[in-house]
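Undergrad: The following block contains a protein sequence and its predicted model.
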Amino acid sequence: MIRSLALLLTFVSSAAFAQEHRFGLGTQLGIHGGVPVAGAEVVMPVNDDMQLSYAYVQGQTSLVNEVDPGVATYLSTADFSLSEASVTLRWFTSRTFYVGAGAGYRVLDLDMKGFDFVDRTDFEGEYDSQALQAKILIGNSWNFASGFYLGVDWIGLAAPIAVTKSELSATETNLDRSQRLYRSDENDDEYKRVANKLSRSTMGTLLTLRLGFKF
């Protein structure tokens, strides 16, 4: 037992947990807005207490079980995708703990397909959103003597500061007609309001794992 503890302490002491002035390449895995995402990051040192990173992540999930289209409607597809490019500055208040802030650009897409049993029509809907966003987060990061680093953004928030695109549209089709129902970029205030509300929603991030190597 004592020998095992000694070996563990030796490993920890040689792990070089303090920040080092080294560039890094790694990957990110996490949950953004309820969507599992994966991507890559580049880490750059600023000084002993600050680190700058550039990251791109993307992911997709199905919302078929989350959306309620109505009793007489069958929803076959509700695919929600998210992609995000960001720059984050992490300030280390201790050897491993940091507070981060940054900015980025996010793209949201939702594609829906289904069937209305009352009208006997197929319908398709699409929502597209693009926005500049600001974000804050907290986390921990550990550097090892081998060059390997491991970090976790425990929790964060990302809020849009400028929406560059916000569109909501749908079509229905039956044996007699194919008709465009609405588009949010035309004169329909209600769907403009819905699209803008979705586009300006704040999204949470949870347990974003960061791992890679520094050179």
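TA: Received, thanks.
Undergrad: Name the residues of stretch 106-124 that come out as buried.
TA: 106-108, 110, 112, 114-116, 121-123 (16 or more other Cβ atoms under 10 Å). Just so you know, the C-beta spots here come from the backbone N, C-alpha and C atoms, and that holds for glycine as well.
Undergrad: residues near residue 160, how many?
TA: Using other Cβ atoms under 10 Å, residue 160 has 21 other residues around it.
Undergrad: whoops, I mixed them up, residue 167
TA: Residues lying near residue 167 (other Cβ under 10 Å) number 16.
Undergrad: Could you tell me the phi and psi values at the residue nearest to the spatial centre of the chain?
TA: The residue lying closest to the centre of the chain (Cα atoms, centre = their mean) is residue 32, at 3.4 Å. Note on residue 32: its backbone torsions stand at phi -120, psi 120 [degrees, to the nearest 10].
Undergrad: Kindly report the same for residue 34.
TA: phi 80, psi 0.
Undergrad: Pull the contacting residues for it.
TA: residue 61 (Cβ atoms under 8 Å, 6 or more residues apart in numbering).
Undergrad: Quick check: the farthest pair among the buried residues of stretch 106-124?
TA: Largest separation among the buried residues of stretch 106-124 by Cβ to Cβ: 106 and 121, giving 32.8 Å.
Undergrad: coming back round to it: surely the residue nearest to the centre of the chain is in contact with residue 157?
TA: No: the criterion here is Cβ atoms under 8 Å, and residue 32 misses it with residue 157 at 10.8 Å.
Undergrad: shared neighbours of those two, anything?
TA: Common neighbours of residue 32 and residue 157 (criterion: Cβ under 8 Å, 6+ apart): 203-205.
Undergrad: Tell me the one of those residues nearest residue 54?
TA: Set against residue 54, the nearest of the shared contacts of residue 32 and residue 157 by Cβ to Cβ is residue 205 (16.4 Å).
Undergrad: Would you mind confirming that the closest one is in contact with residue 35?
TA: No: with contact defined as Cβ under 8 Å, residue 205 does not reach residue 35; the gap is 10.1 Å.
Undergrad: Who are the packing partners of the top strand by length along the chain?
TA: The residue-count maximum for a strand in the chain (DSSP state E) belongs to strand 148-173. Judged by 3 or more Cβ pairs under 8 Å, 6 or more residues apart in numbering; DSSP states H and E, strand 148-173 is in contact with strand 24-32, strand 97-116, strand 121-143, strand 178-183, helix 189-199, strand 203-214.
Undergrad: buried stuff in the first one?
TA: Judged by neighbour count using 16+ other Cβ under 10 Å, the buried positions of strand 24-32 are 24, 26, 28, 30, 32.
Undergrad: Beta-bridge partners for residue 150, please?
TA: residue 142, residue 211 (DSSP bridges).
Undergrad: what's near enough to touch it?
TA: With Cβ under 8 Å, 6+ apart, residue 150 has these contacts: 141-142, 144, 209-211.
Undergrad: From those, pick the one nearest residue 59.
TA: Nearest to residue 59 among those is residue 209, at 13.4 Å by Cβ to Cβ.
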